[in-house]
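>>> What would the 3D arrangement of this be:
(2 chains)
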2 protein chains.
Amino acid sequence: MTATSTLSRDASAITAPTQYIETRLETYAYRRFGGGAAPPLVFLQHFTGTLDNWDPAVTDQLAGSREVVLFESAGVGRSTGEVPTTIAAMAAHLLAFTDALGLTEIDLLGFSLGGMVAQKVALDRPSLVRKMLLVGTAPAGGEDIMHLEKPELRKILEDPSLSGYQVLVKLFFTPSESSQLAGQAFAARLGARTEDREPLSGPKVAQAQIAAFRAWEHVDSDGGRFAELRRIAQPCLVVNGILDTMIPVRNSYLLAEHLPSATLLIYPDAGHGSLFQYHDSFVQHATLFLDS
Amino acid sequence: MTATSTLSRDASAITAPTQYIETRLETYAYRRFGGGAAPPLVFLQHFTGTLDNWDPAVTDQLAGSREVVLFESAGVGRSTGEVPTTIAAMAAHLLAFTDALGLTEIDLLGFSLGGMVAQKVALDRPSLVRKMLLVGTAPAGGEDIMHLEKPELRKILEDPSLSGYQVLVKLFFTPSESSQLAGQAFAARLGARTEDREPLSGPKVAQAQIAAFRAWEHVDSDGGRFAELRRIAQPCLVVNGILDTMIPVRNSYLLAEHLPSATLLIYPDAGHGSLFQYHDSFVQHATLFLDS
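Below is the predicted model:
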């Protein structure tokens, strides 16, 4: 373990070494690679995901023109501490991390749970965040957020024939042949990293994160539903699949309708993992958005 | 007037000569310019709009890599005949036009009313249409389509201080300072064509087109609401402004949810004229979509 931050310009999510940094809160695992003049793009991960769950087809392409920083929050993978049960506490971990790295201006890519943390970071420290990519996520007070007890999700989660990445292929992609093929390609890309991998998340991580989803769903700010979104002035690109079963697309509509400066991009025949299914298009759009 | 089709490679919407073609139905006015290997991109116009209502910032940029064909439907501008009171009859005029020009594969950019005609053309002659850009439009059976009697629209339409393009600046753009500035730039671009202009549309055009909107709003196909959209297999890019007051954005959501292959792109702080407000971004996204 080393606390120095090594920028590996030629590395990718497949080969970037896991690094560690001690902070005022916890010691966080992270990976950092790529390079360019743009602010670093910090990735905030989905429910139970670790550093190993980032698709190299997304991270490595984006790292061609900017630094990419994959962040492991408290209690996940080899980061120390406990997984918080609120989005606000997760945002505090991200701020401890960026402060320790000395980052003063970043872009955020928040996927699912990570998109909620990104919104909270932008509210708590607006000066830090230049632009945000909010993918497959929901506003505080959103609807039908990660209800794993729904029959269509339970059927997948309780299927004894599915294990490892095959669960993600069913959860993140639609039943269509082309989406499932894209899902298998995604799984193969995740499997390409064979060394220096993170431990898988267990039930303790899942339970705490589910508690955070439940709290996020029921938040109602003082000024009325979604009033806090009006305070997020950063340009945002809100992305989702039209058939997302985990965080339905209407949550992306709500983000676009209430954030002052959000462009909405929705992919056809795609579920929660639209950014992985359409990785080439997603990277093109993300790059246009970040560079404009 | 000439019935030959002259491809003016270096022309733009500002200078392209108006041409005319006799067909099995009517004689249509049109303009055709640009060039490239891609199928021609045929533009279908909005309520009461003529050939002069296409923004050169959109048409000319797209004409850099493909032929652009601006179509004037029956009874509008200098095209002969009567404006039909149904979208289906408008689609028949487009087919008479493309048949007379000998076009066998086209892309369509349908804005507002034109987006409805585009959907009908794709249903009636699927083999003709490769891809569609559906901007500020609605499916058959959509909601709150062009109700000019609504207070927020009537206020603009009955404002004696507004005339000419200033009405469009209020109707197509939001009240924000930046949107209104973009509106004024749009009006200036429309005014850049000073010769060979079309006559303005009068109340007869408006009344017939409003009748077509009312019929479109109430259509219910045999297979249930929006069932016909499932039959449109063409890749579509559905575009709108989040604050469209003329054809609200939820109609774009409905298109994305029911078309099998539609990507949805929604712009912030934009109204019905989002493609004109964000013309650079729109052209970039349209080009990515058409060329992918």
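
>>> Can you give me the distance of A:L290 to A:L109?
Applying C-beta to C-beta, to the nearest Å, the value for A:L290 to A:L109 is 9 Å. C-betas here are computed from N, CA, C, even on glycine.

>>> Neighbour count for those two, which is higher?
A:L109 (29 against 21; other C-beta atoms under 10 Å in any protein chain shown).

>>> returning to what we had before: what sits in contact with each of A:L290 and A:L109?
A:L41, A:L133 (C-beta atoms under 8 Å, 6 or more residues apart in numbering or on different chains).

>>> Would you mind naming what in chain A lies close to chain B?
Contact residues (C-beta under 8 Å from any C-beta of the partner chain) of chain A with chain B: A:242, A:249, A:253, A:256-257, A:259-269, A:281, A:284-285, A:288, A:292.

>>> are any of those buried, and which?
Listed as buried from the residues of chain A next to chain B are A:242, A:249, A:253, A:256-257, A:259, A:262-269, A:281, A:284-285; burial here means 16 or more other C-beta atoms under 10 Å in any protein chain shown.

>>> Return the subset of those residues lying in strands.
A:A262, A:T263, A:L264, A:L265, A:I266, A:Y267 (DSSP state E).

>>> Export the residues you listed to JSON lines and append columns for distance to A:P235 and pLDDT.
Formatted as JSON lines, these follow (distance: C-beta to C-beta, whole Å; pLDDT from 0 to 100):
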{"residue": "A:A262", "distance to A:P235": "8", "pLDDT": "98"}
{"residue": "A:T263", "distance to A:P235": "8", "pLDDT": "98"}
{"residue": "A:L264", "distance to A:P235": "12", "pLDDT": "98"}
{"residue": "A:L265", "distance to A:P235": "13", "pLDDT": "98"}
{"residue": "A:I266", "distance to A:P235": "18", "pLDDT": "98"}
{"residue": "A:Y267", "distance to A:P235": "20", "pLDDT": "98"}
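
>>> any weak-confidence spans in the stretch 151-292 of chain A?
A:220-221 (pLDDT under 70).

>>> What segments of it are helices?
Ranges of helices within the stretch 151-292 of chain A are A:151-157, A:165-172, A:177-190, A:203-218, A:250-258, A:274-277, A:279-291, based on DSSP state H, counting those that start in this stretch.

>>> now for the ones you listed, which one comes closest to B:H46?
helix A:250-258 (22.9 Å; C-beta to C-beta).

>>> Could you figure out how far the closest one is turned away from strand B:262-267?
30 degrees (axes from the mean of the first three to the mean of the last three C-alpha atoms, to 10 degrees).

>>> Contact partners for the residue of the stretch 51-200 of chain A found nearest chain B?
Nearest residue of the stretch 51-200 of chain A to chain B, counting by C-beta to the nearest C-beta: A:S176, 9.4 Å away. Applying C-beta under 8 Å, 6+ apart, one finds that A:S176 lies in contact with A:D269.

>>> ok, it to A:G81 distance?
40 Å.

>>> and what of A:E177?
43 Å.

>>> Compare the two (neighbour count), which wins?
Legend: neighbour count by other C-beta under 10 Å for A:E177 and A:G81, higher for A:G81 (14 against 8).

>>> wait, the more buried one sits on A:E72?
No. Applying C-beta atoms under 8 Å as the test, A:G81 and A:E72 come out as separate, 10.6 Å apart.

>>> middle-most residue in chain A, spatially?
A:F111 (2.7 Å; C-alpha atoms, centre = their mean).

>>> Now that one. Its backbone dihedrals?
Per-residue torsions, A:F111: phi -110, psi 120 (degrees, to the nearest 10).

>>> Now do the same for it: its pLDDT.
pLDDT for A:F111: 98.

>>> Check A:T2 too.
pLDDT, read off for A:T2, is 39.

>>> show me where the stretch 1-150 of chain A has helices.
According to DSSP H, counting those that start in this stretch, the stretch 1-150 of chain A carries its helices in the segments A:56-62, A:87-101, A:113-124.

>>> Please identify the most buried of the ones you listed.
helix A:113-124 (a mean of 26; mean count of other C-beta atoms under 10 Å in any protein chain shown).

>>> what's the offset of that helix from the middle of its chain?
For helix A:113-124, the separation from the chain centroid amounts to 10 Å (computed by C-alpha atoms, centre = their mean, to the nearest Å).

>>> Now do it against helix A:250-258: the angle between them, please.
20 degrees.

>>> Just list what helix A:113-124 packs against, helices and strands only.
Counting contacts by 3 or more C-beta pairs under 8 Å, 6 or more residues apart in numbering or on different chains; DSSP states H and E, helix A:113-124 packs against strand A:41-44, helix A:87-101, strand A:106-111, strand A:129-135, helix A:203-218.

>>> And the ones you listed: which comes nearest A:G77?
Here helix A:203-218 is closest among the helices and strands packed on helix A:113-124 (C-beta to C-beta), at 9.2 Å.

>>> Can you mark which positions in the closest one are buried?
Of the residues in helix A:203-218, A:V205, A:A208, A:Q209, A:I210, A:A212, A:F213, A:W216, A:E217 count as buried by neighbour count, 16+ other C-beta under 10 Å.

>>> what's the answer for stretch A:25-40, then?
The neighbour-count check on stretch A:25-40 (16+ other C-beta under 10 Å) flags A:25-36, A:38-40 as buried.

>>> same thing with stretch A:182-191?
Buried residues in stretch A:182-191, defined by neighbour count with 16+ other C-beta under 10 Å: A:A182, A:G183, A:F186, A:A187, A:R189, A:L190.

>>> Closest to A:T50 out of the ones in strands among the buried ones among the residues of chain A next to chain B?
The shortest approach to A:T50 among those belongs to A:Y267, at 24.8 Å (C-beta to C-beta).

>>> Show me the beta-bridge partners of the closest one.
Taking DSSP bridges as the rule, A:Y267 bridges to A:G241.

>>> who's in contact with it?
A:Y267 neighbours (C-beta under 8 Å, 6+ apart): A:V239, A:N240, A:G241, A:I242, A:S274, A:Q277, A:Y278, A:S281, B:T263.

>>> Grab the nearest non-local neighbour of A:M90.
A:V117 (4.6 Å; C-beta to C-beta, 6 or more residues apart in numbering or on different chains).

>>> contacting residues around the one you found?
A:V117 neighbours (C-beta under 8 Å, 6+ apart): A:L44, A:S73, A:I87, A:M90, A:A91, A:L94, A:G110.

>>> wait, the last one sits on A:M116?
Yes. The pair formed by A:G110 and A:M116 meets the contact definition of C-beta under 8 Å, at 7.1 Å.

>>> Mutual contacts of the two, please.
Shared contacts of A:G110 and A:M116, defined by C-beta under 8 Å, 6+ apart, comprise A:T137.
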